[in-house]
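Novice: got a sequence here, can you build the structure:
(2 chains, ligands or ions: 2)
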Amino acid sequence: MTVVDERPAAEVGAPRKRKEDARLITGRTMWTDNLTLPGMLHLAILRSPMAHARITRIDTAPALAAPGVVAAFSGRDVAETQGSLPCAWVVTDDMVHPDHPPLAVDEVRHVGEPVAVVVARDAASAVDALGAIDVEYEPLPVVLEMDEALGEGAALVHSDKGTNKSYTWIYDSAEAGHGQAYDAATAEAEVVLRKRYVQQRLIPAFMEPRSVVVDPTADQVTIWSSTQIPHVLRVLIALVTGLPEHKIRVIAPDVGGGFGGKLQMTAEELITMMAARRVGKPAKYTETRSESLLAAHHGRDMYQDVELAARRDGTLLGLRVRLTANMGAYLALLTPSVPLLGRYMYNGIYKLPAYRFECTGVFTNTTPTDAYRGAGRPEATYAIERAMDDLAAELGMDPIELRRRNWIGHGEFPFHTVAGLTYDSGDYEAATDKAMSLFGYDELRREQAARRESRDPVQLGIGVSTYTEMCGLAPSRWLGSLGYAAGGWESASVRMLPTGKVEVLTGTSPHGQGHETAWSQIAADQLGVAFEDVEVLHGDTRTAHKGLDTYGSRSLAVGGFALVNACQKVVDKAKPIAAHLLECDVADVEFSAGRFRVRGAPADAEGKTMADCALAVFAAHDMPGGAEPTLDAEAVYDPTDFSFPHGTHLCATEVDTETGRVTVRSYVAVDDVGKVVNPLIVEGQVHGGVAQGIAQALFEEAVYDADGNLLTGTFVDYTPPSSADLPDIVSDRTETPAPDHPLGIKGVGEAGTIASTPAVVNAIVDALRPYGVDDIRMPCTPERVWRAVQGGDRS
Amino acid sequence: MTRISITVDGVRYDDDVQPRTLLVHHLRERLGKVGTVVGCDTSNCGSCTVLMGGESVKSCTVLAVQADGLEITTVEGLAGSDGELHPVQQAFHDRHALQCGFCTPGMIMSAVDLLAENPDPTDAEIREGLEGNLCRCTGYQNIVRAVRDAAATMRAGASEPAPAAPEEAPAPAPAPVEVGS
Ligand code: FES
Ligand code: FES
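Specialist: Ligands and ions are numbered 1, 2, ... in the order given. From the prediction side, this is the model:
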């Protein structure tokens, strides 16, 4: 067989246009809600209108009389069998961990909590019949604010627990042996910055509402869900429902965004399972946007009390963080751990002698919080990067100069941090220098000085954010030591088809990240096949049976590693076959640029391709030395450590002191995410990430009224930014390869979100420092900015 | 029930519908045109945008009965009968203007309408013009680039008829609704 090697020199690094686009731009996408099965029924869920109440009476019988209704039931009807929604991360031995029934039984604890369900022949009939369900609530006292919830005599979210505190978790660098004690290290401090930064509550607001279809009639009960975690979900369903794991199949078809918001086992999934199994027919539930904003988990919502001690020359001496984190009414899958993921990052990119971190998780009568893009790390980065700008202002120092005096130098890696992590690599100098020159930093500072001088009513502000993050969740041993129930490995399999085409199976589960494209690029390079000849399969526990899915910027960092290993195994298996075909010794075969050749053969020698080997193995007529007739291989990779992307983001804002209006004038993002597989995709991740971070800074907040009603329950009120609200940004990169990864990659999914929020808020505060302003609560709406200008003491 | 007759992506459909049925639900649930999606219940997201009588509408704000007698173009009917992508579709692909792709059908249809009204928009006009379509993934920057590119392509090919209305196109294959992976 003659195969012309038309493969480009290297796929990895090329800006390949995405394979998945073909279906997405033509409307051939397979969203869960598109699915219709024979005889399928539809669910509607009745949700609590009360933030805290006892259910004194509930009767679903009247709904049964409504047209088209097949079944209706409440939490009481399934109280004994429905189980409890799991929290997989027990962060302390004494963590208060209340039951979390999918359907409330006797008490509701937040608005939007499911209380009953109607199953009908069509969705409209199910919704119509909800009104017929008879429920009486006896209101109970509501507690919404965290300091109040922790106070003496506060109303209790879970009265049987006797407290609203879920846990307190403490890290002390001296006790852990990673640094000094805070008090001792800061005894000589000349400046101590003490600030409370507030992380408002956010809503992930993925564009595809959550949807689930359950077919209980299949031999394997089959669950289609718009989830980030089909594999994790399968295990959880087995554990919660008692259904044997081998009798469960979970499929995540095309999924329309997640951002952590679909990193969950939801009440709706379990309710749909219960309904489908009760009636013995396939059933579908698709939430409305209003339900989604109300009931899908929220994110952030923390108070960050920060103390940063330094000498007058800017040398940092110690950092103390007291974090108060809103859990909401229950602990969802990862709720208690989200603020703790941040604890590794409050020290940022800086050399600190001492660090103490205390976090208290608090219950309130609100929707549970959980992962939202960055999960703990954007919060930590916000606090330290705000604090660095505030400290620089206090010291009368340029904020970049203050950072330079304290950051880990390029020559100091690997660096063991005061938080107990080892940063693998980085070049903060290079990223910052590049960002400053793209931004025109010095020029903008001069313009700022002139406009301050002239008392321009529109002030220019410059915000700095030099961040790092931990990617590639996570070494299993590390997760285990912190009380997480599962591991952090990832799997990949390669199937060589007889005609030389390739199927790649990944245990990651994309929902917009372009895995089909990036994994094809990697496999093409590793196996010497064409990009077009690779099909990437994912998101179905029947085909890609093993995996831990997609979150925490882990897919490429961990799953990409597994893929390289799997491809390597295929090459190793193909070598003896190629040697046999080439009639030479295995030791004399070399594989490069897609060809097996005899060592020393001229570079243009034809040799044998992977396709030749695949065909030989398929026929299996003449296997060398009894070799197994397959080239297929699987690899599971457990990371040895995290990777640490970093970067410098600079933001310039125009702040109108008379109207409070903020305009982002320019934004430069220089990110170092290690080697890049596909620059097009990486740039897209940065754009989207920065947009979400800007949205936190300027636009978004989940707001409750005094009774616990969500006031931002529609897109009109929650105001995610539109195209008219966001600026163009300049995105560039520096490249410090990850030393421990075969492709040198680090991860990029969350970087933009982590970096951008403090850059924007720092820029606004910087503009207004002459007006005595040193903080503005997010989102920095015109009203808040205007009030800050009015209330500041102008110097 | 009211009898309506609408032409969707070149195919005529006669159906009895409830007066309260929204066009988007009729398209998705009755006609199987699931390429058009629903992202909200307050007419804010634009995911459901289609062309009705040549103008873009949010199909969640239109009753199916209001579409009676009209021509509807969805994202499924935008490509040529030979599968050749519409310049806006092509530009979205070339410029990486989509990630999860959920907003994409509506975004593309709005962009088609925008360019029909303004063949040479500035970036600011594109941003204003697409204000009614939310995207959570891309930050919009690549969408703006894509629309700018598509505008240039369409202006260059302006001597040909605008490819947005496939009246005479043969019926495209219905969107596959797969059971399984
Ligand atoms: S679904 Fe029509 S605007 Fe959101
Ligand atoms: S591409 Fe995901 S919402 Fe736009």
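
Novice: any stretches of chain B with poor pLDDT?
Specialist: B:159-181 (pLDDT under 70).

Novice: what about 50?
Specialist: Scanning chain B for pLDDT under 50 picks out B:165-181.

Novice: ok and the residue in the stretch 251-400 of chain A nearest ligand 2?
Specialist: A:Gly257 (4.8 Å; CB to the nearest ligand atom). All C-beta atoms are positioned from the backbone trio N, CA, C, and that covers glycine.

Novice: next, that residue: secondary structure please.
Specialist: coil (DSSP: H, G, I helix; E, B strand; the rest coil).

Novice: list phi and psi for the residue nearest to it when sequence neighbours are not counted.
Specialist: Excluding the flanking residues, the one nearest A:Gly257 by CB to CB, 6 or more residues apart in numbering or on different chains is A:Phe206, at 3.6 Å. Main-chain dihedrals, A:Phe206, degrees, to the nearest 10: phi -50, psi 150.

Novice: beyond the helix or strand containing A:Gly463, next helix or strand please.
Specialist: Assigned by DSSP states H and E, A:Gly463 falls within strand A:458-468. Reading on from strand A:458-468 to the C-terminus, the next helix or strand found by DSSP H and E is helix A:476-481.

Novice: returning to what we had before: avg pLDDT for the strand holding A:Gly463?
Specialist: Across strand A:458-468, the average pLDDT comes to 97.

Novice: direction included, what does it pair against?
Specialist: Strand pairing for strand A:458-468, determined by DSSP bridges: strand A:646-656 (antiparallel).

Novice: so what touches stretch B:145-154?
Specialist: With contact meaning CB atoms under 8 Å, 6 or more residues apart in numbering or on different chains, stretch B:145-154 is reached by B:87-88, B:90-92, B:94-95, B:97, B:111, B:114-115, B:119-121, B:123, B:126, B:130, B:162.

Novice: let's see it at 7 Å
Specialist: When contacts are defined by CB atoms under 7 Å, 6 or more residues apart in numbering or on different chains, stretch B:145-154 is touched by residues B:87-88, B:91-92, B:94-95, B:97, B:111, B:114-115, B:119-121, B:123, B:126.

Novice: out of those residues, who's nearest A:His649?
Specialist: Using CB to CB, B:Asp123 is the member of the contacts of stretch B:145-154 that sits closest to A:His649, with 21.8 Å.

Novice: can you get me a residue count around A:Ala518?
Specialist: For A:Ala518, the count of nearby residues is 29 (other CB atoms under 10 Å in any protein chain shown).

Novice: now the spatially most central residue of chain B, nearest residue through space, not along the chain?
Specialist: A centroid search over chain B (CA atoms, centre = their mean) returns B:Met109, at 3.3 Å, as the residue closest to the centre. Of all residues not flanking B:Met109 in the chain, B:Thr49 sits nearest, at 4.3 Å (CB to CB, 6+ apart).

Novice: that neighbour and B:Glu29, how far apart?
Specialist: Going from B:Thr49 to B:Glu29 by CB to CB, to the nearest Å gives 18 Å.

Novice: quick one, which of those two is more surrounded?
Specialist: B:Thr49 (30 against 16).

Novice: which residues touch that one?
Specialist: Residues near B:Thr49 by CB under 7 Å, 6+ apart: B:Ser56, B:Lys58, B:Ser59, B:Gly106, B:Met109, B:Ser110, B:Asn133.

Novice: show me the contacts for the spatially closest residue to A:Asp638 that is not a sequence neighbour.
Specialist: Spatial nearest neighbour of A:Asp638, excluding adjacent residues (CB to CB, 6+ apart): A:Trp489 at 4.0 Å. The neighbours of A:Trp489, taking CB under 7 Å, 6+ apart as the test, are A:Ser476, A:Leu548, A:Val636, A:Tyr637, A:Asp638.

Novice: before we move on, the earlier item: so the residue nearest to the centre of chain B sits right up against B:Gly54, yeah?
Specialist: No. Here B:Met109 does not reach B:Gly54: they are 11.5 Å apart, not a contact under CB atoms under 7 Å.

Novice: and A:Asp301, its phi and psi?
Specialist: phi 70, psi 70.

Novice: residue numbers of chain B in contact with ligand 2?
Specialist: Residues of chain B found near ligand 2 (CB under 6 Å from any ligand atom) are B:Leu98, B:Gln99, B:Cys100, B:Gly101, B:Phe102, B:Cys103, B:Thr104, B:Cys135, B:Arg136, B:Cys137, B:Thr138.

Novice: from those residues, which is closest to A:Ala123?
Specialist: Set against A:Ala123, the nearest of the residues of chain B next to ligand 2 by CB to CB is B:Phe102 (19.1 Å).

Novice: check the residue nearest to the closest one when sequence neighbours are not counted and give its pLDDT.
Specialist: Closest residue to B:Phe102 apart from its sequence neighbours, by CB to CB, 6+ apart: A:Gly256 at 3.1 Å. With respect to pLDDT, A:Gly256 scores 97.

Novice: any idea which residue of chain A lies closest to chain B?
Specialist: Nearest residue of chain A to chain B (CB to the nearest CB) works out as A:Gly27 at 2.0 Å.

Novice: what sits against that residue?
Specialist: Here A:Gly27 is in contact with B:Gly35, B:Thr36, B:Thr74, B:Val75, B:Glu76, B:Pro105, B:Ala175 (CB under 7 Å, 6+ apart).

Novice: residue of the stretch 501-650 of chain A closest to ligand 2, please.
Specialist: Closest to ligand 2 within the stretch 501-650 of chain A is A:Gly512: 5.4 Å, counting by CB to the nearest ligand atom.

Novice: burial of the residue nearest to that residue when sequence neighbours are not counted, as a residue count?
Specialist: Distance criterion CB to CB, 6+ apart; nearest residue to A:Gly512, sequence neighbours excluded, is B:Cys100 at 3.2 Å. Counted with other CB under 10 Å, the neighbours of B:Cys100 add up to 29.

Novice: what helix or strand does B:Cys100 sit in?
Specialist: Using DSSP H and E, B:Cys100 is not contained in any helix or strand.

Novice: quickly note the distance from it to A:Ile349.
Specialist: For B:Cys100, the distance to A:Ile349 equals 31 Å [CB to CB].

Novice: the residue of the stretch 651-795 of chain A found nearest ligand 1: what's it in contact with?
Specialist: Proximity of the stretch 651-795 of chain A to ligand 1 (CB to the nearest ligand atom) peaks at A:Phe715, 7.7 Å away. Going by CB under 7 Å, 6+ apart, A:Phe715 touches A:Arg289, B:Cys40, B:Thr42, B:Asn44, B:Cys45, B:Leu134.

Novice: now A:Phe531
Specialist: A:Glu11, A:Arg16, A:Ser520, A:Gln521, A:Ala524.
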